[in-house]
Each structure stands twice: as C-alpha cells, then as structure tokens.
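S.K.: A structural model of the following input is requested.
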Amino acid sequence: MPLYERGQVRIHYEDTGSGFPLLILPGGGLNATIAFGRRMPFDAASEFSGEFRCIVADLRNANGGESSGPLEVDRPWDSYADDQLGLLDHLGVDRFMAVGFCIGGPFIGNLLRLAGERVVAGVVAQPVGFRPEKPTVMTDHSMDDWGPAMLKRPDVSDEMVQAFLKNMWGTSDFLFTVTRDFIRTCETPLLVLPDDTDAHPLAVAMETGELAPNGQISLYPWKERPEQIPLAVRHVRMFLQAHLPVASNSAS
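M.R.: Next comes the predicted model:
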C-alpha cells in the first residue's frame, strides 16, 4: 500500500479506479481500516472503482491497520479530518464525493463543516450517532476494542485515552461532529442509508436526512436480507451519478 506522511503521521491508503474522486470512509469505529471496509454490507471501492477514482485509507491508530500518529486529545475529530484532507491534497484532489459507513457519517459531517466547498455530495451509511438511552455506548465500545492497544504505547496514558474519547463521543446529542442547525443550512446533497443498532441509532440517521435541504433517505431496512443490498447500492450509484460535476471526466 502507498504511504502518505505528514510529520509524525503515517497514513496507508489505496487509490484505485479512475474518474471523479470518491473518498470512501470505512466503518469499524476507531478501528476503521481498508480491510474492515471490505466487510461492510457492500464493498464501496469494489462497487464503484469502475466509475470513480476510489480513495480509502486506514484510520490513524486503528487496530489492524497500518496508519499511525499522535493521539491529539483536544481535537480528535479534526485530527482525523487533517489526515483525510491532507491525503486528498497529497493526491492532487480538490473536489470529491464521499461515502462513509458507521463512523464515516460523522467524518463526512466534519468534512462538510471544515471544507464544505470541496465536498460535492455525501452518502452517509448506517451513521454513528448519540443514543440517549445508552449515552456511553460509543465510549464503552471504543474503550473495549481500541483503548487497550493505545495504552501499550509509551506516549499515551489512561488519562489521555479517557479525555480523547470524552472529546469524541461526549460532547454532542446528534451526529457528534455537527449540530442540527448546521445540517439545516448545509446545501450539499446527502443520501442517508439508515440503520438501527446501539451505535447506529435510527433517529439520528432519519433526522440527518430530513433536516438536510438536499437530503434523501434510502430504503429501510436495506441490509437485513441479501436481496436488499443491491437495491441500496443501486440507489447510491444513481445518487452519485446524478451529482457528478459537469466536468466529470476530470481526475479532480
């Protein structure tokens, strides 16, 4: 895999296919990796690399991945956005579309907040969000399956991990990276594929699609039966094709 480096940050990524750039943000919480992305309900890179330039990377410090960097306690979400936008800059990509699973939903929200002029359209699939009846589910999940490996690092303490997770998952009652008011004023076309699990609350997915001025909501449920998934993929493909810029044959 090729490597993008910026200071102490090392990001392993794949860049496949050709056409308009499509940033793919795998699921898996803080352990989101290229390999985990292949185990999503559908493998977006395989599905769309015949039509788009698909760019996908291991998340910084994900277990099982090959990306690494400092634990930026005070700016967890923005540190990941730095990696994502920095990789796109490294590859010469200005404007792009994005497909994000799970944690990729808040990632897309943050990219819209920080660099909305660059995001042509976004697909938010089974997004992570705040569930009021289980307010600590994301912190607990992250501490169980991501925290122990981080605590083995000499530059990371338990206090740092706890603060990092609090700043990620403990400051919002919605999509974590953006407010409802932001989504209400975000003109970027969004397609939401809802889910309903502890980490993927249906209410947050539906509200995101309903509040966005140019939002769409796909069928629900869409992944409980194998025959449903191709319908969702078809909707995603039609959505992406419909929002291609006029100069869609450009690499960026």
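
S.K.: the strands in the stretch 151-252 of the chain, which residues?
M.R.: Using DSSP state E, counting those that start in this stretch, the strands of the stretch 151-252 of the chain run over 190-193, 215-217.

S.K.: Centre of the chain to the last one, how far?
M.R.: Which is strand 215-217. How far strand 215-217 lies from its chain's middle: 17 Å, per CA atoms, centre = their mean, to the nearest Å.

S.K.: List the buried residues for it?
M.R.: 215, 217 (16 or more other CB atoms under 10 Å). C-beta coordinates here come from the backbone N, C-alpha and C atoms, glycine included.

S.K.: what's the answer for stretch 66-75, then?
M.R.: 66-67, 69, 71-73.

S.K.: Could you provide the strands of the stretch 151-252 of the chain in a markdown table, with additional columns for distance to residue 159 and mean pLDDT?
M.R.: Output for the strands of the stretch 151-252 of the chain, formatted as a markdown table (distance: least, CB to CB, whole Å; pLDDT from 0 to 100):
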| stretch | distance to residue 159 | mean pLDDT |
| --- | --- | --- |
| strand 190-193 | 36 | 98 |
| strand 215-217 | 39 | 98 |
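
S.K.: which one of the ones you listed lies closest to residue 129?
M.R.: strand 190-193 (10.9 Å; CB to CB).

S.K.: For the strands of the stretch 151-252 of the chain, could you give me JSON lines that also reports distance to residue 110?
M.R.: Compiled in JSON lines, the strands of the stretch 151-252 of the chain are given as follows (distance: least, CB to CB, whole Å):
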{"stretch": "strand 190-193", "distance to residue 110": "14"}
{"stretch": "strand 215-217", "distance to residue 110": "17"}
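
S.K.: show me what contacts residue 103?
M.R.: Residue 103 is in contact with 25, 27-30, 32, 59, 128, counting by CB atoms under 8 Å, 6 or more residues apart in numbering.
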